[in-house]
Each structure stands twice: as C-alpha cells, then as structure tokens.
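give me a 3D structure for the following:
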Amino acid sequence: MFNTARKALFAALLAGMAGPVFAADFIEPPVVEQAPPPVAYEQPADFGGWYIRGDIDYHWSKFGGADYTTYNAAPPQIPGSFDSGSLKSAFSAGAGVGYQINQYFRTDLTADWMSSSDFRGSTSGFCGAPPVACTSSDTSSYSAMLLLANAYIDIGKWHGVTPYVGAGIGGAWVKWDTLHNTDLDGEFEHRGGKNWRFAYALMAGASYCLTDRVKLDLGYRYSHINGGKMFEYASDSNVGPGYDKGIDVHEVRGGLRYQFGRSDCAPAPEPYVPEPEPVYTK
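This is a model prediction of the structure:
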C-alpha cells in the first residue's frame with residue numbers, strides 16, 4: 001500500500017514539473033520590429049554666381065553698300081551709290097563679366113575689339129572735260145568696338161558638354177580709315193567717319209568642362225551693325241559725305257570662362273544619409 005502511494009506521489013511530481021516545460025514549447029517568440037531603411041536626402045545644387053570670360057575670334061564682314069552725294073556748281077546735286085564693295089576677314093579679341101543665374105540661364109556683358117578689315121569697292125561717275133563716263137576704285141578699312149548685353153540658355157549637359165543659344169543687344173563704335181578714291185582725274189582722299197551705332201547679335205555654341213571652375217567655350221556669333229557715316233566730304237572732288245548701310249559680321253569664336261560660384265562642372269555633393277534609428281525588442 002505504501003509502495004503504491006509513493007508511486008502515485010512520484011508520478012504527480014513528474015507531471016507537475018513537465019507541465020511548464022511543455023507549455024513553454026508553445027509560447028510564440030517576441031516580435032522584433034525592423035527599423036525603416038534610412039532615407040537619403042539630396043543636397044540642393046547651388047549652381048550659379050559670377051564669372052569672367054575671355055574670347056578670340058576670326059570673322060568675316062559683309063558690306064551692305066553705301067550712298068554718297070556729288071555736288072555740282074549749281075543744283076541739282078547728284079546722288080550716287082557704290083557699285084561694289086567687299087571686306088576682308090580679320091581677328092578680334094574680347095572680354096566680359098557675367099552671372100550664372102541657375103544651371104540653365106546666364107547673362108553677361110561683353111566688349112570685343114574688331115581689328116582692321118580691309119575694304120575694296122568701286123563707283124561710277126564722270127571724269128575729265130568734256131566729262132566722260134568712268135569707274136573709280138576705292139580702298140579703306142574699318143575697325144569697331146562692339147559692346148553687348150547678352151542672355152543665354154544652357155540647354156543641358158552631356159559628358160561635360162553644354163550646348164547653348166543666346167542673343168545680345170548693344171552698340172558699336174565704328175571707325176573707318178581714310179577712303180582713297182582713284183579714277184581718271186587722279187587720286188582723292190576722304191577722311192573716314194567714326195560714330196556709335198546700334199548693334200545686335202545671335203549666337204550658338206557649346207562649352208566643355210576643363211576643370212571644376214573653367215570651361216572652354218566654342219561657338220558662332222552673327223552680329224549686325226547699323227549703318228552710319230563712312231567718309232567725309234572732300235572739296236577737291238566735290239564728293240561726300242558717304243554713309244554705309246550697315247555691316248554683317250560672322251564670327252567663329254573660342255574662349256575660356258572662369259566660374260567664381262559653384263559650377264555645374266564640380267562633382268555632385270554626397271547625399272546625406274541620417275543615422276539609423278535604434279531597434280528595440282519587446
């Protein structure tokens with residue numbers, strides 16, 4: 001009887017100890033919440049600022065014609081025009097200061113000195129006594145200082161190359177040298193005219209990043225200079241003054257731009273990644 005009671009007590013103790021163990025096997029593990037991935041914040045691109053530029057070019061000028069007056073002893077006076085006229089190509093150099101407003105828009109002020117471009121033309125008239133029809137040859141040259149306020153659209157950047165288009169408006173100080181007129185009556189000289197004139201320009205080109213602040217700029221510019229006085233009246237020939245009808249200038253340009261502010265040639269800033277939030281378990 002006592003053996004049976006001891007066995008029953010021992011079995012009860014084993015059952016009491018095994019119960020919590022089996023119960024623990026069925027408890028679910030605590031849930032661990034995963035922290036969200038850190039968000040990368042792009043720093044804003046602070047493009048823009050002042051820049052300076054220097055350019056050289058090779059240009060071709062197209063003469064638009066010219067009118068003049070031949071004075072007789074009594075009216076009427078005889079108006080005349082050049083039968084032909086051409087200008088040789090020449091070099092020029094310039095500089096400017098500008099401001100890059102953003103990655104796509106900039107403005108600048110430029111000054112370009114156009115070196116002397118030789119002129120050769122011809123006129124028709126009457127020579128000798130009694131007068132007979134004759135043709136004269138005329139030679140001179142012109143130079144100009146072109147001042148422009150310009151605006152450009154930078155279209156975009158591909159592999160360091162940025163195409164652009166632009167336009168400018170301003171004025172030109174034009175200086176004609178002495179006009180030499182030669183015909184059957186001899187050689188006559190007319191003092192060249194010099195004056196300020198209205199001018200405008202259209203341009204297109206592309207820039208290339210040489211460093212994080214320096215760009216190489218290659219392009220084409222078309223400039224139109226309004227007409228003005230070409231030469232003065234000469235008493236020995238009773239001819240003048242003469243007024244040209246304007247000059248068209250086609251330029252192939254090359255230069256450098258130095259950006260004081262942050263250029264789009266500079267490497268992009270590293271994105272900001274915040275520290276991950278700590279993970280807590282329940």
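
residue ranges for the strands of the stretch 101-250 of the chain, please.
Using DSSP state E, counting those that start in this stretch, the strands found in the stretch 101-250 of the chain span residues 105-127, 132-154, 161-176, 179-183, 186-190, 194-209, 214-225, 228-231, 239-244, 247-259.

and Ala66, which of these is closest to it?
strand 239-244 (4.3 Å; CB to CB). (Each C-beta comes from the backbone N, C-alpha and C, glycine too.)

who does that closest one touch, helix- and strand-wise?
When contacts are defined as 3 or more CB pairs under 8 Å, 6 or more residues apart in numbering; DSSP states H and E, strand 239-244 packs onto strand 66-70, strand 186-190, strand 228-231.

report pLDDT for the most centrally placed residue in the chain.
What sits nearest the mean C-alpha location of the chain, by CA atoms, centre = their mean, is Tyr152, with 5.3 Å. Looking at Tyr152, its pLDDT reads 98.

wait, what's in contact with Gly128?
Gly128 makes contacts with 134, 184-185, as judged by CB atoms under 8 Å, 6 or more residues apart in numbering.

ranking those by neighbours, who comes first?
Asp185 (17 neighbours; other CB atoms under 10 Å).

ok, that one to Gly128 distance?
7 Å (CB to CB, to the nearest Å).

in JSON lines, list the strands of the stretch 101-250 of the chain along with distance to Gly54.
As requested, the strands of the stretch 101-250 of the chain are exported to JSON lines (distance: least, CB to CB, whole Å):
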{"stretch": "strand 105-127", "distance to Gly54": "10"}
{"stretch": "strand 132-154", "distance to Gly54": "15"}
{"stretch": "strand 161-176", "distance to Gly54": "17"}
{"stretch": "strand 179-183", "distance to Gly54": "34"}
{"stretch": "strand 186-190", "distance to Gly54": "36"}
{"stretch": "strand 194-209", "distance to Gly54": "14"}
{"stretch": "strand 214-225", "distance to Gly54": "10"}
{"stretch": "strand 228-231", "distance to Gly54": "28"}
{"stretch": "strand 239-244", "distance to Gly54": "30"}
{"stretch": "strand 247-259", "distance to Gly54": "5"}
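
right, I'll call it a day here.
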